[in-house]
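Engineer: Got a sequence here, can you build the structure:
(chains A and B)
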Amino acid sequence: MNEVNNKSNSPISKSLKRPPLVTGKKTFKNITDDICALTEKWPGIGYFVALFSAKSLFLFYIAVMAAIVVVGMGLMGVNNPVNWGTDIITFVFWIGIGHAGTLISAILFLFRQKWRTSIARTAEAMTVFAVMTAGVFPLLHTGRPWLAYWLLPYPNQRGPLWVNFRSPLVWDVFAVSTYAIVSIVFWYIGMVPDMATLRDRSKGIRRHIYGILSMGWRGTARNWSHYEMTYMILAGLSTPLVLSVHSIVSFDFATASLPGWHTTIFPPYFVAGAIFSGFGMVVTLMCLVRLFVPQFKDYVTLNHMEAMNKIIMLTGMMVGYAYASEFFIAWYSGSHFEQYVFLNRAAGPYWWSYWIMVSCNVLIPQLFWFRKVRRHLVAMFIISIFVNVGMWFERYVIVVTSLHRDFLPANWGMFDMSFFDFGALIGSFGMFLTLFLLYIRTLPAISIAEVKTVAHEGH
Amino acid sequence: MKEISKKENSLLARLANGLLKLKEAMGPETEPVLAGIWTDQSSFVSAIKGLKQKGYKKIKAITPCPIHGLEELLEIKRSWIPWVTFVFGLFGCLFGLWFTWWTSAVDWPLIIGGKPFWSLPAFIPVIFECTILLGALSSVAALLYACGIPSVDPPVLDKDLTSHKFALYFDLKNKKSSSEELEKELLALGAEKIIHSEF
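Structural biologist: Got it, this is the predicted structure:
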């Protein structure tokens, strides 16, 4: 032992020593206190201002949706030929956001990336809320959401007439609903031991609520053994699931014969884009959490933020490669229609959306080559917002620019977003942020039990 | 309260009675146990080693988080949950295969896009999602069963056991050595507190 200790004190190994995952030399008691404090103290005025704003936006969103449902889809900008508009664009946008949460909680878990521990819970919460927000849009897009149950195969009086399992839209129903269920279960099972911690600390009505949520968890060694096994299985099942979900979302486009959609690169391109946008959102939220919850700075350190920024840069270059590859294939295929679509994207009437996409997703994240930018909170916050904007425009480019020009010039048209399009897009952030703000003050925002296992480990 | 007990048939009283019965049914079966509590993780682990050297078997532990190496020390067998995942995942896969085939090729075959009635490649996404969904939900159900949860109001030996303390506990039923002897052993191994309780 002594030899090892002497070695680790030598200047060389000191410089090579990994920085601690959790700073501030926390004991188990400190960890419990720090994380539980957020749910136990009455929030400050700033929180209520944020919650009130988010909730107002949410109410506005409900009003917008109600108007669209009652009056009809004519309120939105969709038309012939652009029959997929803001609803589908924003659906793909929110589903993509969700993917980073599963990447952090499942894929990085399987790769034994211990730094994921501090951010996994909040990233998973983001996944759940993003999928919930996303799920509203396709239903709204159907125009008659009260008949949404027709999407499910159930015995009915019309034959029974079953759904068409060859349709990518039905695959989407299965993929997104499975993803939502498995994500919620994974998130909740992860929280059960922490609920027991909260239960044992609280009194009165809070004890009852957390007691019910903890399901009577006891934490015996045998329980933990089963628990860790189940956690690993859920991570193992979520990993192919998350890759399948965005692949299937991309099939919605790729199985159509429309130039600009009909490409085999779509599944990997969509998955990389989803992880890219999701990490953008995690960085945005984590910057805010670090700003408003100072005691979390010891758990979500600059090293965590830097690691996420590296992933943003990597996946940003992957989508950049996909953009370039699409152009190359359009030229190499020799198909006039394909070539026209891509030239039209970059130089046609929607050139601005294409160049917003390229600059936000490919050019701006290049700033993360500089260590100072990767570790600068204001800089990464601004860049992450650009990433979010860029990824919404990516879906806008894919949907709108491919649809507005068809094989026949007689079918050509344009797409303009109406007030209700903007209302649904902006209002959906109200729903997402309301859920997130309620979550952060009521549930354990960092996994208490998991952080304890890595409290004294290196990055 | 008196009013309620008078009218025993009132809805509220029946509901309260029902809830109490449910609580009894859902509550765990408890046994008298003797437990020692530790705050320091390393002395807790060495206490287990010490007890094992002295020939104690069936040592049970409660920890605030999973502790590396505890399963080997306490001779806990590898969890059987993966078998549940495998069986139900396979069942989900076969169900998906059968259901897409039966609805599209048997019950009401329709020609769609000139594709065969049984278009297996197009059915793979749905079959895959059925596999994952059933595998995941069955694993979680197996976890709940294995841990005996949900259970209503299980006894808590010490409120800090979910925060920063560790416990070893022994069933007092069928115990050969007297509980006083065990108490002395636990204290000698650094336990800071001894608890007699139902667990």
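Engineer: In space, what's closest to B:Pro150 - neighbours in sequence excluded?
Structural biologist: Once flanking residues are discounted, B:Pro150 sits nearest to A:Met215: 3.9 Å by CB to CB, 6 or more residues apart in numbering or on different chains. C-beta: built from backbone N, CA, C; applies to glycine.
Engineer: Also A:Ile184?
Structural biologist: Among residues not flanking A:Ile184 along the chain, A:Val128 sits closest, at 5.5 Å (CB to CB, 6+ apart).
Engineer: pLDDT value on the residue nearest to B:Pro150, please?
Structural biologist: Listed pLDDT for A:Met215 reads 91.
Engineer: What's the local residue count around it?
Structural biologist: When neighbours are counted by other CB atoms under 10 Å in any protein chain shown, A:Met215 registers 19.
Engineer: Correct me if wrong: it contacts B:Gly148.
Structural biologist: No - between A:Met215 and B:Gly148 there is no contact under CB atoms under 8 Å: 9.8 Å.
Engineer: Give me the common contacts of the two.
Structural biologist: Residues touching both A:Met215 and B:Gly148 (CB atoms under 8 Å, 6 or more residues apart in numbering or on different chains): none.
Engineer: and B:Phe170, that one's in a strand?
Structural biologist: Yes - under DSSP: H, G, I helix; E, B strand; the rest coil, B:Phe170 falls within a strand.
Engineer: Could you report the neighbour count for it?
Structural biologist: 21.
Engineer: Contacts (any at all) between chain B and the helix or strand hosting A:Met232?
Structural biologist: Using DSSP states H and E, the element containing A:Met232 is helix A:221-254. Yes - counting by CB under 8 Å from any CB of the partner chain, chain B is contacted by helix A:221-254 at A:221-230, A:233-234, A:237-238, A:240-241, A:244, A:248, A:251.
Engineer: Now the buried members of these.
Structural biologist: For these, a burial check counting by 16 or more other CB atoms under 10 Å in any protein chain shown picks out A:221-227, A:229-230, A:233-234, A:237-238, A:241, A:244, A:248, A:251.
Engineer: re earlier: so what secondary structure elements neighbour the helix holding A:Met232?
Structural biologist: helix A:86-102, helix A:108-110, helix A:168-201, helix A:266-292, strand B:60-62, helix B:70-73, helix B:81-101, helix B:120-147 (3 or more CB pairs under 8 Å, 6 or more residues apart in numbering or on different chains; DSSP states H and E).
Engineer: looking at the ones you listed, which is closest to A:Val397?
Structural biologist: helix A:86-102 (9.4 Å; CB to CB).
Engineer: how many degrees apart are that closest one and helix A:221-254 in direction?
Structural biologist: For helix A:86-102 against helix A:221-254, the angle by axes from the mean of the first three to the mean of the last three CA atoms, to 10 degrees is 150 degrees.
Engineer: Leaving out chain neighbours, which residue sits closest to residue 148?
Structural biologist: I went with chain A, as the question did not name one. Computed as CB to CB, 6+ apart, the closest residue to A:Ala148 that is not its neighbour in sequence is A:Leu139, at 5.0 Å.
Engineer: other chain: chain B
Structural biologist: Excluding the flanking residues, the one nearest B:Gly148 by CB to CB, 6+ apart is B:Pro28, at 5.9 Å.
Engineer: The residue nearest to A:Ile184 is in what secondary structure piece?
Structural biologist: helix A:116-141.
Engineer: and the helices and strands packed on helix A:221-254, which is most packed in?
Structural biologist: helix A:86-102 (a mean of 27; mean count of other CB atoms under 10 Å in any protein chain shown).
Engineer: near chain B at all, it?
Structural biologist: No - figure legend: helix A:86-102 not in contact with chain B (CB under 8 Å from any CB); closest approach 12.1 Å.
Engineer: How far does that helix sit from its chain's centre?
Structural biologist: Centroid separation for helix A:86-102 versus its chain: 7 Å, with CA atoms, centre = their mean, to the nearest Å.
Engineer: just stretch A:317-333 next, same as before
Structural biologist: The chain centre lies 25 Å from the centre of stretch A:317-333; the measure is CA atoms, centre = their mean.
Engineer: do the same with stretch A:212-222
Structural biologist: Its chain's C-alpha centre and that of stretch A:212-222 lie 29 Å apart, by CA atoms, centre = their mean.
Engineer: Ok, stretch A:127-134 next?
Structural biologist: That offset, for stretch A:127-134, works out to 8 Å (CA atoms, centre = their mean).
Engineer: So which residues make contact with that stretch?
Structural biologist: For stretch A:127-134, contacts defined as CB under 8 Å, 6+ apart pick out A:90-95, A:97-102, A:105, A:176, A:179-180, A:183-184, A:187, A:278, A:281, A:428, A:431-432, A:435-436, A:439.
Engineer: how about the CA coordinates for that stretch, as PDB?
Structural biologist: Extracted C-alpha coordinates of stretch A:127-134, given in PDB (Å, rounded to 0.1, in the frame of the first residue of the first chain):
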ATOM      1  CA  THR A 127     -36.000  12.300 -22.600                       C
ATOM      2  CA  VAL A 128     -39.300  11.600 -21.000                       C
ATOM      3  CA  PHE A 129     -40.600  15.200 -21.300                       C
ATOM      4  CA  ALA A 130     -39.300  15.600 -24.800                       C
ATOM      5  CA  VAL A 131     -41.000  12.400 -26.000                       C
ATOM      6  CA  MET A 132     -44.200  13.500 -24.300                       C
ATOM      7  CA  THR A 133     -43.900  16.900 -26.000                       C
ATOM      8  CA  ALA A 134     -43.200  15.200 -29.300                       C
END
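Engineer: Show the average pLDDT along it.
Structural biologist: 94.
Engineer: Next: stretch A:229-239.
Structural biologist: Summarised as a single mean, pLDDT over stretch A:229-239 is 93.
Engineer: Over to stretch B:75-86?
Structural biologist: 92.
Engineer: thought A:Trp261 was touching A:Phe253?
Structural biologist: Yes - assessed by CB under 8 Å, A:Trp261 is found in contact with A:Phe253 at 4.0 Å.
Engineer: overlap in contacts of the two?
Structural biologist: By CB under 8 Å, 6+ apart, the residues touching both A:Trp261 and A:Phe253 are A:Ile398, A:Ser402.
Engineer: Those two: who's more crowded?
Structural biologist: Legend: neighbour count by other CB under 10 Å for A:Trp261 and A:Phe253, higher for A:Phe253 (22 against 18).
Engineer: which residues touch that one?
Structural biologist: A:Trp261, A:Phe266, A:Ile398, A:Ser402.
Engineer: Mind checking what secondary structure B:Ala167 has?
Structural biologist: Quick answer, by three-state DSSP: B:Ala167 is strand.
Engineer: With adjacent residues omitted, what lies nearest to it?
Structural biologist: Going by CB to CB, 6+ apart, B:Ala167 has B:Ile62 as its nearest residue, at 4.3 Å.
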